[in-house]
Every structure is written in structure tokens, then in C-alpha cells.
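Student: The following comprises the amino acid sequence and a computationally predicted model.
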Amino acid sequence: MWKFVGVGIGNDVPYWTEFLRALAEIDPDMAVNIEHEDAAYSQTERLALAAKNLRSAAAAL
């Protein structure tokens, strides 16, 4: 069974850093969209969690 989790829950920040690095190699201006469907958090909590983890990953580039 598939379970949706927030960015940073299923995979850690180093994983997302490498993910963003791979995207940047293809297109440095590529947008990243956040799908926030983790039922364990409210909509705003999910979005804040994903944004925090992606910002941390981007800063590590």
C-alpha cells in the first residue's frame, strides 16, 4: 500500500539535495512543485514542512 508523506519524512534532506542537483543539471530554472498530501499534518503544516526541507536541500547545493 502506498502512503503519501511530506518532503523530508520519506527521504531525508541529503536525498532531496541530490534530487534537486539532478534537476538543476537538466534545467537550472526548472520549477519544483510541492504536493502535500500527508494526512498526518494539516495543509499548512504539510506545506511548511516540505518548504523547510526543500530550502535546506537547496542551500546544501
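Tutor: Noted; the coordinates are in hand.
Student: The longest helix seen in the chain - contacts with which helices or strands?
Tutor: Ordering each helix of the chain by length in residues (DSSP state H) puts helix 43-59 first. If you count contacts as 3 or more CB pairs under 8 Å, 6 or more residues apart in numbering; DSSP states H and E, helix 43-59 packs onto helix 13-26. In this view, the C-beta of every residue, glycine as well, is placed from N, C-alpha and C.
Student: send the alpha carbons of the helix it packs on over as PDB?
Tutor: Only the C-alpha atoms of helix 13-26 are listed here, as PDB (Å, rounded to 0.1, in the frame of the first residue of the first chain):
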ATOM      1  CA  VAL A  13      17.400  16.300   3.200                       C
ATOM      2  CA  PRO A  14      20.600  14.800   1.600                       C
ATOM      3  CA  TYR A  15      18.300  12.700  -0.700                       C
ATOM      4  CA  TRP A  16      16.400  15.800  -1.700                       C
ATOM      5  CA  THR A  17      19.700  17.700  -2.200                       C
ATOM      6  CA  GLU A  18      20.800  15.100  -4.800                       C
ATOM      7  CA  PHE A  19      17.300  15.200  -6.300                       C
ATOM      8  CA  LEU A  20      17.500  19.000  -6.800                       C
ATOM      9  CA  ARG A  21      21.100  18.700  -8.100                       C
ATOM     10  CA  ALA A  22      19.900  16.200 -10.800                       C
ATOM     11  CA  LEU A  23      17.000  18.600 -11.800                       C
ATOM     12  CA  ALA A  24      19.500  21.500 -11.900                       C
ATOM     13  CA  GLU A  25      21.700  19.600 -14.300                       C
ATOM     14  CA  ILE A  26      18.800  19.200 -16.700                       C
END
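Student: what does that helix rub up against?
Tutor: Residues outside helix 13-26 that contact it (CB atoms under 8 Å, 6 or more residues apart in numbering): 7-8, 11, 30, 32, 53-54, 56-58, 60-61.
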